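A.B. asks: would you be able to build a 3D model of this:
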Amino acid sequence: MLFISIFFIHLCVLVVPGPDFLLNSRTGLTGNKKAVIQVVTGTTLRAIIWVLFSLLGLHLIFQYYPFLRELVLFGGSVYLFYLAFQIYRSADLPLPAEHGIGHSYFFTGLLTNLTNPKALLYFSSIFSIIHFGSNPSTVFFIFIMITLETLIWFLFVGLAFSHSGIQKQ
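C.D. replies: Next up, the predicted model:
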């Protein structure tokens, strides 16, 4: 039940358009599949970093300072409401122009959400409510599941937008 819950929570977070979705879809619209793969690799590495950060550091901090867990959960809720408002408010604005020559798609994918507080709040919230204590295989399975889910979703998004039929529209 825990795995199914985390799977669907993470899927909902992935599906909601945010910085990663916009970056992957915009890169896909260029038709450059190599760039899509580089962005997705960076995006997936970012997910791996946040999961490891959450598992190795934040969980211990929340164990010793439970009030910080509550603060992060509250902050995450406030930020998600703020994000929803920003998405609603900027729905009609055009996306910024594509980067020029010499642009590193991998590092753009990596840095897009390393600098986004939503990612920190999301991962720390998810992993602060799960108690891993006695079962390392649970931690490993969740780590692999989130990594693969992120990789598959953003490959789908980027490659779908790189399809010539979508680009013509």
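A.B. asks: in the protein, which helix is the longest?
C.D. replies: Among all segments of the chain classified by DSSP state H, the helix with the greatest residue count is helix 136-162.
A.B. asks: gap between that one and the chain center?
C.D. replies: On the basis of CA atoms, centre = their mean, to the nearest Å, helix 136-162 is displaced by 10 Å from the centre of the chain it belongs to.
A.B. asks: so what secondary structure elements neighbour it?
C.D. replies: Where contact means 3 or more CB pairs under 8 Å, 6 or more residues apart in numbering; DSSP states H and E, helix 136-162 is packed against helix 2-15, helix 19-29, helix 33-53. No exception for glycine: its C-beta is placed from N, CA and C like everyone else's.
A.B. asks: and residue 135, what pLDDT?
C.D. replies: As predicted, residue 135 sits at a pLDDT of 76.
A.B. asks: hmm, back to that, can I get the helices and strands packed on helix 136-162 in CSV including mean neighbour count, mean pLDDT and distance to residue 61?
C.D. replies: What follows is the helices and strands packed on helix 136-162, written out as CSV (neighbours: other CB atoms under 10 Å; pLDDT from 0 to 100; distance: least, CB to CB, whole Å):
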stretch, mean neighbour count, mean pLDDT, distance to residue 61
helix 2-15, 14, 88, 20
helix 19-29, 21, 84, 25
helix 33-53, 20, 89, 11
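A.B. asks: I'd say residue 123 and residue 53 touch.
C.D. replies: Yes - if you go by CB atoms under 8 Å, residue 123 and residue 53 touch, sitting 7.2 Å apart.
A.B. asks: distance check, residue 47 against residue 14.
C.D. replies: Using CB to CB, to the nearest Å, residue 47 is found at 9 Å from residue 14.
A.B. asks: same question for residue 108.
C.D. replies: Using CB to CB, we find residue 108 at a distance of 18 Å from residue 14.
A.B. asks: what of residue 161?
C.D. replies: Taking CB to CB as the criterion, residue 161 is separated from residue 14 by 15 Å.
A.B. asks: perfect, that will be all.
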